[in-house]
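Trainee: predicted model and sequence below, questions to follow.
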Number of protein chains: 2
Amino acid sequence: MEYTVQELSRLAGVSTRTLRYYDEIGVLKPARINSSGYRIYGEAEVDKLQQILFYGELDVELRTIKKIMSSDNFDSIAALREHREKLLAERKRLDKLIATIDKTIQSKEGRIIMSDREKFEGFKRELIEENERKYGKEAREKYGDQAVDRSNEKLLNMTPEDYARFEKLSSELMETLKEAFKTGDPAGELAQKAADLHRQWLSFFWDSYTREAHAGLAQMYVDDERFTEYYDKEQPGLAKFLRDAIHIYTGMKK
Amino acid sequence: MEYTVQELSRLAGVSTRTLRYYDEIGVLKPARINSSGYRIYGEAEVDKLQQILFYGELDVELRTIKKIMSSDNFDSIAALREHREKLLAERKRLDKLIATIDKTIQSKEGRIIMSDREKFEGFKRELIEENERKYGKEAREKYGDQAVDRSNEKLLNMTPEDYARFEKLSSELMETLKEAFKTGDPAGELAQKAADLHRQWLSFFWDSYTREAHAGLAQMYVDDERFTEYYDKEQPGLAKFLRDAIHIYTGMKK
DNA sequence: TGTTGACATTGACGTTACGTAAAGGTGTAT
DNA sequence: ATACACCTTTACGTAACGTCAATGTCAACA
C-alpha cells in the first residue's frame, strides 16, 4: 500500500506538517518522490512512523529517535518490547497520580491528612522508585501499614459505577446528617441512619469493619481539628453529633 | 510550611526555572517576596502548583490553566474529579497502545496479519471513540468476533511473570521445532513435543482449545504465506513440518 | 574578618517540534 | 476552462522551558 502525505497523516493521526518536518530532519524519509515532486510512503515507512510515534509517546527526542533507529543493529521487535515495558511503567505512574487525586480530594474535604510530599506523588517520572521507598516508610509510620495502601487500591480499582455510588453515598451521608442534626437527637432514627450510611461509606476504604474501629474513628473526628473542620464547616457541632450517633450505633456509648 | 524556589522545586519535581517562569506569566505567584527579593511560597501555592501539574499532565496549556484557575468560581475539588476521569481515559489509551504493541510484535513475527490502521490504534487521543466503532467492525469482520479481542485482553492482563513465561515458551517452541525438523519425522517424539508446546503457546490467546481449531490454524500456516514466512525464514519447510506434526498431534491427519 | 560555597536574583538568547501563512504548481472532475 | 482539493518550498511564529551570564545574599568556617 502506498500513501501520500495526507493519507499517511490521516492514517497515523499526525499533521502533514509533521511528516514534512520528519522528512526535513531525516527521521522519516518517503519511500520515493513521484514525478510531480510528491512524497510517496510505503509499507516500511508506515512501520517506521509507528515506531517513531511509540518513541515519542515516551518523550524521546526526534534527534535521539533518529540516532537509535538509523543504527544498523536496530532491532525493531526488541524496541517494541522495550516500549511495552515503559508503557506499563507509565500506566503505573498514572495509577499513582489517580491515587494522589483521590487522596487530595479526601484531604481537601478534611477527611484525611496529607503531607506536602504526598501531594506530588506520581509526577516525578525518574524518581518514582526512590520516592516509593521513602514515602512507603513515611506513610506506614503515619497511618499504619495497610490502611491507606489498601484504601487507595480499593478506590483505584473501582469501576466508574462504583465510584459514582461512592460519591453519591458521600453526599447522602452529609444530607442525612444535617437533617438529623436539626432533630438534636443522636439516638433518633435519622441520626442512626446517618451512622449507618457512615458505616457503608467506610466500607469503601476498609477491608474489615469492627464496631470498635468505627467508634474510634468517630472519636477522632472530634479530637483532630482537621477532621472536625470538615463536618463543622457545614454545620458547627456536626462532628460531635456524628460521634455521638456513631457511639450509640456501635453500642460503644460509655 | 514555607518554601524557597529550590525547596518547592525539589518537592514537586520541577526546575527552579519552571517556577520563575510560572511567576513571570502569572500562573503561580509566590505568597510573598522576602527582604532580599527571594520568592517565598506557602501552603496555598503548594496546592496550586499541584493543580497546575495535574492540568499539565493532561496537556492543557499554561495560558488556559491560568484562565481556568483564576476564574472566581473555580472549584478545585470538581477540577480534581475531572482530572481523575481524564487520567482514567489516558490509562485506557495506554492499554490500547500496549495492545497495539503486542499485536505489532505478533505481526512482525508473521503470526497474525495487521492492517495499517490497527498499527496506529491508541495514538490518536481525540478520535479514540470514533476509531473504536470503525475498528471494532473491521476487526470483527476479519478475525471473527472475540478471538482477537479476547487474546489482546489476555496479553494485557498478563503479569510480567506470565509475559516472561510466554516469551520463553515462544522461543522454546522454535528451538524444539528446529531440532525436530532435523529428524525429518513429524510423528517423532521431538515433533510431537513441539506440537504440544504450540498448543500451550496457543493457550495464551485462546479461551478454549479444540483439536479442530488447532489443526485448522496449522493448515493456515501453510496456506497463508505471511504465516509461512515466519517459520520458514528460520528454516525452509518448517511451516509445513509443523502443520504435519500438529495434524498428527490432534489426530486430524487425513 | 575575610572568603568560600550554596543559594538567590534578573536578563537574554537558544531549543524542540511543530503551527501557520504565503505563494505557487498538480490532477481530475465537471 | 475552471474549480477545487491536493501537493510543493520558504519562512516566520510559538510554547515552555534550558542554559548561560552577571550579580547579590547568607551561613559557616579558617
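Mentor: Ah, there it is.

Trainee: tell me how far the closest residue to A:Thr183 other than its chain neighbours lies from chain B.
Mentor: Distances taken as C-beta to C-beta, 6 or more residues apart in numbering or on different chains place A:Leu190 nearest to A:Thr183, at 5.8 Å, with adjacent residues excluded. From N, CA and C alone the C-beta is placed, and that goes for glycine too. From A:Leu190 across to chain B, the span is 26 Å (C-beta to the nearest C-beta, to the nearest Å).

Trainee: what's the pLDDT at whichever residue of the stretch 51-200 of chain A sits closest to chain B?
Mentor: Among all residues of the stretch 51-200 of chain A, A:Lys124 sits closest to chain B, at 3.5 Å; criterion: C-beta to the nearest C-beta. Per-residue pLDDT puts A:Lys124 at 77.

Trainee: ok, it - how many residues close by?
Mentor: Residues lying near A:Lys124 (other C-beta atoms under 10 Å in any protein chain shown) number 16.

Trainee: A:Ala194 now?
Mentor: A:Ala194 - counted by other C-beta under 10 Å - has 28 other residues nearby.

Trainee: with A:Ala12 instead?
Mentor: Neighbours of A:Ala12 using other C-beta under 10 Å come to 23.

Trainee: skip the chain neighbours and tell me the closest residue to it.
Mentor: Per C-beta to C-beta, 6+ apart, closest to A:Ala12 is B:Phe120, 4.8 Å.

Trainee: so, low pLDDT: which residues of the stretch 101-250 of chain A?
Mentor: For the stretch 101-250 of chain A, the stretches with pLDDT under 70 are A:125-167, A:202-209, A:223-227, A:229-230, A:232, A:234.

Trainee: give me that answer again for 80
Mentor: Counting by pLDDT under 80, the stretch 101-250 of chain A has low-confidence residues at A:110-111, A:124-175, A:178, A:196-197, A:199-236.

Trainee: what count of nearby residues applies to the residue in it that DNA strand D sits nearest to?
Mentor: Residue of the stretch 101-250 of chain A nearest DNA strand D, by C-beta to the nearest atom of the strand: A:Phe123 (11.6 Å). By other C-beta under 10 Å, the residues close to A:Phe123 number 22.

Trainee: before we move on, what about A:Lys96?
Mentor: 20.

Trainee: which residues touch the residue lying closest to A:Val46 once chain neighbours are set aside?
Mentor: Excluding its sequence neighbours, the residue lying closest to A:Val46 (C-beta to C-beta, 6+ apart) is B:Asp116, at 5.3 Å. Residues in contact with B:Asp116, defined by C-beta atoms under 8 Å, 6 or more residues apart in numbering or on different chains, are A:Met1, A:Leu11, A:Glu43, A:Val46.

Trainee: which helix or which strand is home to the second one?
Mentor: Yep, that's A:Leu11 we're talking about. Taking DSSP states H and E as the criterion, A:Leu11 maps to helix A:5-12.

Trainee: helices or strands up against the helix or strand following that helix?
Mentor: Per DSSP H and E, the first helix or strand lying C-terminal to helix A:5-12 is helix A:16-25. Contacts defined by 3 or more C-beta pairs under 8 Å, 6 or more residues apart in numbering or on different chains; DSSP states H and E place helix A:16-25 against helix A:5-12, strand A:39-40, helix A:62-70.

Trainee: can you give the distance of helix A:16-25 from its chain's centre?
Mentor: Relative to its chain's centre, helix A:16-25 lies at 35 Å (C-alpha atoms, centre = their mean, to the nearest Å).

Trainee: and the contacts of it?
Mentor: A:5-6, A:8-9, A:28-30, A:39, A:49, A:52, A:62-63, A:66.

Trainee: same list (these) but as JSON lines, adding distance to A:Glu82.
Mentor: Below are those laid out as JSON lines (distance: C-beta to C-beta, whole Å):
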{"residue": "A:Val5", "distance to A:Glu82": "29"}
{"residue": "A:Gln6", "distance to A:Glu82": "31"}
{"residue": "A:Leu8", "distance to A:Glu82": "25"}
{"residue": "A:Ser9", "distance to A:Glu82": "26"}
{"residue": "A:Leu28", "distance to A:Glu82": "20"}
{"residue": "A:Lys29", "distance to A:Glu82": "24"}
{"residue": "A:Pro30", "distance to A:Glu82": "27"}
{"residue": "A:Arg39", "distance to A:Glu82": "29"}
{"residue": "A:Leu49", "distance to A:Glu82": "18"}
{"residue": "A:Ile52", "distance to A:Glu82": "14"}
{"residue": "A:Leu62", "distance to A:Glu82": "18"}
{"residue": "A:Arg63", "distance to A:Glu82": "18"}
{"residue": "A:Lys66", "distance to A:Glu82": "17"}
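
Trainee: which one among these gets closest to A:Ala195?
Mentor: A:Ile52 (58.6 Å; C-beta to C-beta).

Trainee: can you pull the buried residues of stretch A:237-248?
Mentor: If you call a residue buried by 16 or more other C-beta atoms under 10 Å in any protein chain shown, then stretch A:237-248 has these buried ones: A:Leu238, A:Ala239, A:Lys240, A:Phe241, A:Leu242, A:Arg243, A:Asp244, A:Ala245, A:Ile246, A:His247, A:Ile248.

Trainee: the fifth one contacts A:His198, correct?
Mentor: Put plainly, it is A:Leu242. Yes: at 7.0 Å, A:Leu242 counts as touching A:His198 under the criterion of C-beta atoms under 8 Å.

Trainee: before we move on, back to that, pick out whichever of the contacts of helix A:16-25 sits closest to A:Asp102.
Mentor: Distances from A:Asp102 to the contacts of helix A:16-25, taken by C-beta to C-beta, are shortest for A:Ile52, at 35.2 Å.

Trainee: contacting residues around that closest one?
Mentor: Going by C-beta under 8 Å, 6+ apart, A:Ile52 touches A:Tyr22, A:Val27, A:Leu28, A:Leu62, A:Ile65, A:Met69.

Trainee: tell me the phi and psi of the second one?
Mentor: To tie it back to what came earlier, the one meant is A:Val27. Dihedral angles of A:Val27 (phi, psi; degrees, to the nearest 10) stand at phi -80, psi -30.

Trainee: what residues are bridge-paired with A:Ile33?
Mentor: Counting by DSSP bridges, A:Ile33 is bridged to A:Arg39.

Trainee: how many neighbours does it have?
Mentor: Here the number of neighbours of A:Ile33 (other C-beta under 10 Å) works out to 12.

Trainee: now do A:Glu24
Mentor: With other C-beta under 10 Å as criterion, A:Glu24 counts 10.

Trainee: domain-wise, how is chain A divided?
Mentor: A:5-74, A:85-156, A:160-249 (automatic domain parsing).

Trainee: coming back round to it: can you add distance to B:Arg111 and give the contacts of A:Ile52 back as CSV?
Mentor: As requested, those are exported to CSV (distance: C-beta to C-beta, whole Å):
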residue, distance to B:Arg111
A:Tyr22, 29
A:Val27, 29
A:Leu28, 26
A:Leu62, 31
A:Ile65, 27
A:Met69, 23
